[in-house]
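Engineer: Could you work out the structure for the sequence below:
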Amino acid sequence: METNWEKLRPTLFEAIGTTVYLVGVTFVVAGVIGLVLGTALYTTRKGGLLANAPTYFVLNVLVNIVRPIPFIILLAALGPVTLEVVGTTIGSEAALFVMIVAASFGIARIVEQNLVTVDPGVIEAARAVGAGPLRIIVTLIIPEALGPLILGYTFVVISIVDISAMAGTVGGGGLGDFAIVYGYQQFQWQVTLVAVLIIIVGVQGVQFFGNWLARKVLRR
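Structural biologist: The predicted structure follows:
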């Protein structure tokens, strides 16, 4: 059966817009939350600037619990919380809430792992001249790890695109939902292929930009 692109084109553009919205908002919000959580993990660990064993234990356990849960299961598991926060468990906003939760904890671990690579000697030197913890974190630790952090965040964007494809399971829309509903379920393989190609092009663009930006930062 020939694909009616005249009819599907508006739906495709809407799906692209929904995916960009879901991925963009998730990246920005979860990026900030994950940066804060990851920095807290790094600074409260043993030997850290703000070493605090109970705080580190709680944060570490939370990250270890949430991060490995498959997104499709997390959607179901957070149903009651999503209903309380968003007011519904279906639609783009419900999917967005769970995406932010999933991405935040994933980013937190990536941030922590990248901050650990900062030379402790540089931090000790800053402490020796009287710099406070906040100043050290903002002006020294994060800038020192900026290149690896950019690469880590680039990987995160690609992961967010991946989980956004599952937003359709709760009526969230997007390219994943478009590929399944209008392509796979209706045996319209061209539709599925177009959706996949759009995702590939978008991901490659993000990867290229992230690599370029990281190289530029690392050459400073």
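Engineer: Where does pLDDT dip in this structure?
Structural biologist: Along the chain, the parts satisfying pLDDT under 70 run over 1-2, 220.
Engineer: Name the residue closest to the centre of it, please.
Structural biologist: The structure's the chain has its C-alpha centroid closest to A103; by C-alpha atoms, centre = their mean the separation is 3.9 Å.
Engineer: Tell me which helix or strand that one sits in.
Structural biologist: When elements are assigned from DSSP states H and E, A103 belongs to helix 92-115.
Engineer: burial count for L96?
Structural biologist: Residues within reach of L96, counting by other C-beta atoms under 10 Å, total 21. For the C-beta atoms, the positions are set from N, CA and C on the backbone; glycine is no exception.
Engineer: Same question for the one 3 residues further on.
Structural biologist: Using other C-beta under 10 Å, the number of residues around M99 comes to 27.
Engineer: measure the residue nearest to the centre of the chain to V86 for me?
Structural biologist: Per C-beta to C-beta, to the nearest Å, A103 is found 16 Å from V86.
Engineer: those helices in this protein, which residues are they?
Structural biologist: Under the criterion DSSP state H, the chain contains helices at 5-44, 53-66, 71-77, 79-86, 92-115, 120-128, 133-136, 142-144, 146-164, 175-178, 189-218.
Engineer: what about I160, distance to I199?
Structural biologist: Summarising the geometry, the distance separating I160 from I199, computed by C-beta to C-beta, is 12 Å.
Engineer: Now do the same contact list for the residue nearest to T55 when sequence neighbours are not counted.
Structural biologist: With sequence-adjacent residues excluded and distances taken as C-beta to C-beta, 6 or more residues apart in numbering, T55 is closest to T44, at 4.6 Å. If a contact means C-beta atoms under 8 Å, 6 or more residues apart in numbering, then T44 has L50, A51, N52, A53, T55, Y56, L59 as its contacts.
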